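Chemist: dropping the sequence and predicted coords here.
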2 protein chains.
Amino acid sequence: MALKTGSARNLHTQVVEDIGQSIVGGLFQPGDPLPGEAQLAGQMAVSRTVLREALKVLAAKGLIETRQKTGMRVRDPRYWNHLDADILGWRCASMPTDDFVDKLVEMREIVEPAAVMAAARRRDPAQLEAIGEALEAMEDAQNLDDWAAADLRFHEAVLMATNNELLSSLFSVIETALATFFVMSARTAKNFKYSLPHHREVYEAIRRRRPNEAAAAMHTMIADSRANVRKARRR
Amino acid sequence: MALKTGSARNLHTQVVEDIGQSIVGGLFQPGDPLPGEAQLAGQMAVSRTVLREALKVLAAKGLIETRQKTGMRVRDPRYWNHLDADILGWRCASMPTDDFVDKLVEMREIVEPAAVMAAARRRDPAQLEAIGEALEAMEDAQNLDDWAAADLRFHEAVLMATNNELLSSLFSVIETALATFFVMSARTAKNFKYSLPHHREVYEAIRRRRPNEAAAAMHTMIADSRANVRKARRR
DNA sequence: ACATCACATTTGTTGGACAATTGACAAGCT
DNA sequence: AGCTTGTCAATTGTCCAACAAATGTGATGT
């Protein structure tokens, strides 16, 4: 457990990452409980103060609960904030199982068509331009990394154009899904721009304020993406 | 700012509530920044340690960012975790503006019809029974409080029956929306059971595994609810 | 066998100290 | 004067040691 995961300026951030990943990754089973604060702090070579700051964060995410004398227990996954960006990231880092990928796709299929409908109705010129810029960046992309970044920007810009921050907060889900797909299809992507026409359709529909067309285009785009992931998964 | 909001076992929980509500409520403007830790701790009569535990939680929710020397700043609302149950609660507590209610309704209209479709396809017998029990409790309810609690259980059970924890995590949104509606229509509700037939339709569609019927029933139900809220808001 | 109570363990809370970072300002050089 | 450089100070980051509060456990007494 003592691996230093990513780099982080703050110590407690590292501790959060470390313990969080251990819990989400299943290293700690739900219900049965972590060592005491003193022991944990010793294991990770940090002060109890820092450890406790991390524990509070994990508790806020719903991963653990603490009671005096009893100690800390991993909560049932039912109570986790599954939409939290960190938790999503940890799940993908350690357990990109097939059914989890399916759940991500299902979320996309629900959220994104509805989002482009809202965007087509309510977007303002600046938001449209943000989407357009992302689209241009996708066209100009010379390698997979550039294209992935631009793709993320595109979908983020669409979510922002809904003018509903509850919807745009779901970008953490879409972001995780796309990132996972990119990893899975990194090899098989000779023509990584294959979905560019779909993106253009979505953009055009939003520009022309055609909610239904936008939703349809987005729907086929996600279906395509899912089929592609299935294919990549099989090899 | 020194009002003691709700009751809480832990001190830092109170601090989180207090500062979080102040930020979400607009008492602290985004961009320009909170007093230092020492001063804040003094104002709230807690130790710096406790205050810092609270600040880490708020930072994890995306409300603030801290840097050495500069201090703490309220982040742009774009970065807030708007789907966090606490943040939703704080927004409703201090600012149930009309457009926020509209956004909540929009989320329901997107999520819940899709959710009942998934539930109608994938629910298992136990999950169906959980929905049925909630429905019975709604029938038997003698007062508004009982009915509200049963209504919440109904919608939660539906989300759980999707077998997609990403979807069921959105219950925090639905919960907040319903709670707000109950408050808004508390007076005007002579016949608070008016939506019972709709709920029954949804239940039946899920039982008979009819995704499209379930989605349609849920859709009209939410539309009804929205119309009712509009009416209540006007007086 | 049962109730009661003291105890021990674990988290909760406090205060203080020092380290690390970094913006601000002053000094010095060109 | 304008720019660079270095020092300073303010703020958060980290650590430590002690005590308070809660609470399961077991001893104790009847």
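Modeler: Received, thanks. Computed from a prediction, not measured in an experiment: that's the story for all the values here.
Chemist: name the element the spatially closest residue to A:Leu196 that is not a sequence neighbour belongs to?
Modeler: Excluding its sequence neighbours, the residue lying closest to A:Leu196 (Cβ to Cβ, 6 or more residues apart in numbering or on different chains) is A:Met138, at 6.1 Å. All C-beta atoms are positioned from the backbone trio N, CA, C, and that covers glycine. In this structure, A:Met138 is located in helix A:125-140 according to DSSP states H and E.
Chemist: just the C-alphas of that helix, formatted as PDB.
Modeler: Once non-C-alpha atoms are left out, helix A:125-140 reads as follows in PDB (Å, rounded to 0.1, in the frame of the first residue of the first chain):
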ATOM      1  CA  PRO A 125     -22.900  32.600 -29.300                       C
ATOM      2  CA  ALA A 126     -19.800  32.300 -27.100                       C
ATOM      3  CA  GLN A 127     -20.700  28.800 -26.100                       C
ATOM      4  CA  LEU A 128     -21.200  27.800 -29.700                       C
ATOM      5  CA  GLU A 129     -17.900  29.200 -30.500                       C
ATOM      6  CA  ALA A 130     -16.200  27.200 -27.800                       C
ATOM      7  CA  ILE A 131     -17.700  24.100 -29.200                       C
ATOM      8  CA  GLY A 132     -16.600  25.100 -32.700                       C
ATOM      9  CA  GLU A 133     -13.000  25.700 -31.500                       C
ATOM     10  CA  ALA A 134     -12.800  22.300 -30.000                       C
ATOM     11  CA  LEU A 135     -14.100  20.800 -33.200                       C
ATOM     12  CA  GLU A 136     -11.400  22.600 -35.200                       C
ATOM     13  CA  ALA A 137      -8.800  21.400 -32.800                       C
ATOM     14  CA  MET A 138     -10.000  17.900 -33.400                       C
ATOM     15  CA  GLU A 139      -9.600  18.400 -37.100                       C
ATOM     16  CA  ASP A 140      -6.100  19.700 -36.800                       C
END
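Chemist: check the offset of that helix from the chain's centre.
Modeler: Distance, stretch centre to chain centre, for helix A:125-140: 21 Å (Cα atoms, centre = their mean, to the nearest Å).
Chemist: what's that helix in contact with?
Modeler: Taking contacts as Cβ atoms under 8 Å, 6 or more residues apart in numbering or on different chains, the residues outside helix A:125-140 that touch it are A:119, A:123, A:146-147, A:149-151, A:153-154, A:156-158, A:160-161, A:163, A:193, A:196, A:199-200, A:203, A:206-207.
Chemist: which of those residues fall in strands?
Modeler: Residues of the contacts of helix A:125-140 located in strands (DSSP state E): none.
Chemist: the residue lying farthest from the centre of chain A in helix, strand or coil?
Modeler: Ranked by distance from the centre of chain A (Cα atoms, centre = their mean), the top residue is A:Lys69, with 36.1 Å. Per DSSP: H, G, I helix; E, B strand; the rest coil, the secondary structure class of A:Lys69 is coil.
Chemist: flag every buried residue along stretch A:134-141.
Modeler: Counting neighbours by 16 or more other Cβ atoms under 10 Å in any protein chain shown, one finds that the buried residues in stretch A:134-141 are A:134-135, A:137-138, A:141.
Chemist: now the residue nearest to A:Val173 when sequence neighbours are not counted: which helix or strand?
Modeler: With Cβ to Cβ, 6+ apart as the criterion, A:Val173 has its nearest non-adjacent residue at 5.2 Å, and that residue is A:Met107. In this structure, A:Met107 is located in helix A:98-122 according to DSSP H and E.
Chemist: quick check: residues of chain A near DNA strand D?
Modeler: Residues of chain A found near DNA strand D, taking Cβ under 7 Å from any atom of the strand as the criterion, are A:10-12, A:45-50, A:67-70.
Chemist: top of the residues you listed by neighbour count?
Modeler: The most crowded member of the residues of chain A next to DNA strand D is A:His12, carrying 23 neighbours; neighbours defined as other Cβ atoms under 10 Å in any protein chain shown.
Chemist: how about A:Arg195, phi and psi?
Modeler: Residue A:195: Ser, not Arg. A:Ser195 has phi and psi values of phi -90, psi 10 when expressed as degrees, to the nearest 10.
Chemist: I figured it hits A:Arg226, correct?
Modeler: No. Taking Cβ atoms under 8 Å as the contact criterion, A:Ser195 and A:Arg226 are not neighbours in contact, 11.7 Å apart.
Chemist: any part of whichever strand or helix holds A:Thr13 near DNA strand C?
Modeler: When elements are assigned from DSSP H and E, A:Thr13 belongs to helix A:11-24. No. Under the criterion of Cβ under 7 Å from any atom of the strand, DNA strand C is not reached by helix A:11-24; the shortest gap measures 10.2 Å.
Chemist: which ones are touching A:Trp90?
Modeler: When contacts are counted by Cβ under 8 Å, 6+ apart, A:Trp90 is found next to A:17, A:20-21, A:24-25.
Chemist: er, A:Ala148 actually
Modeler: Listed by Cβ under 8 Å, 6+ apart, the contact partners of A:Ala148 are A:178-179, A:182.
Chemist: quick one: buried residues of the helix holding A:Met107?
Modeler: Of the residues in helix A:98-122, those buried by neighbour count under the rule 16+ other Cβ under 10 Å are A:100-101, A:103-120.
Chemist: now do it: which elements does it pack against?
Modeler: Using 3 or more Cβ pairs under 8 Å, 6 or more residues apart in numbering or on different chains; DSSP states H and E as the contact criterion, the secondary-structure elements in contact with helix A:98-122 are helix A:144-160, helix A:165-168, helix A:171-184, helix A:196-207, helix A:211-234, helix B:98-122, helix B:165-168.
Chemist: 6 Å instead?
Modeler: Under the contact definition 3 or more Cβ pairs under 6 Å, 6 or more residues apart in numbering or on different chains; DSSP states H and E, helix A:98-122 sits against helix A:144-160, helix A:171-184, helix A:196-207, helix A:211-234.
Chemist: reformat the ones you listed into JSON lines and put distance to DNA strand C and mean pLDDT next to each item.
Modeler: As requested, the helices and strands packed on helix A:98-122 are exported to JSON lines (distance: least, Cβ to the nearest atom of the strand, whole Å; pLDDT from 0 to 100):
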{"stretch": "helix A:144-160", "distance to DNA strand C": "25", "mean pLDDT": "95"}
{"stretch": "helix A:171-184", "distance to DNA strand C": "26", "mean pLDDT": "91"}
{"stretch": "helix A:196-207", "distance to DNA strand C": "37", "mean pLDDT": "97"}
{"stretch": "helix A:211-234", "distance to DNA strand C": "39", "mean pLDDT": "90"}
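Chemist: okay, those helices in a markdown table with distance to B:Ala214 next?
Modeler: As requested, the helices and strands packed on helix A:98-122 are arranged in a markdown table below (distance: least, Cβ to Cβ, whole Å):
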| stretch | distance to B:Ala214 |
| --- | --- |
| helix A:144-160 | 27 |
| helix A:171-184 | 23 |
| helix A:196-207 | 28 |
| helix A:211-234 | 20 |
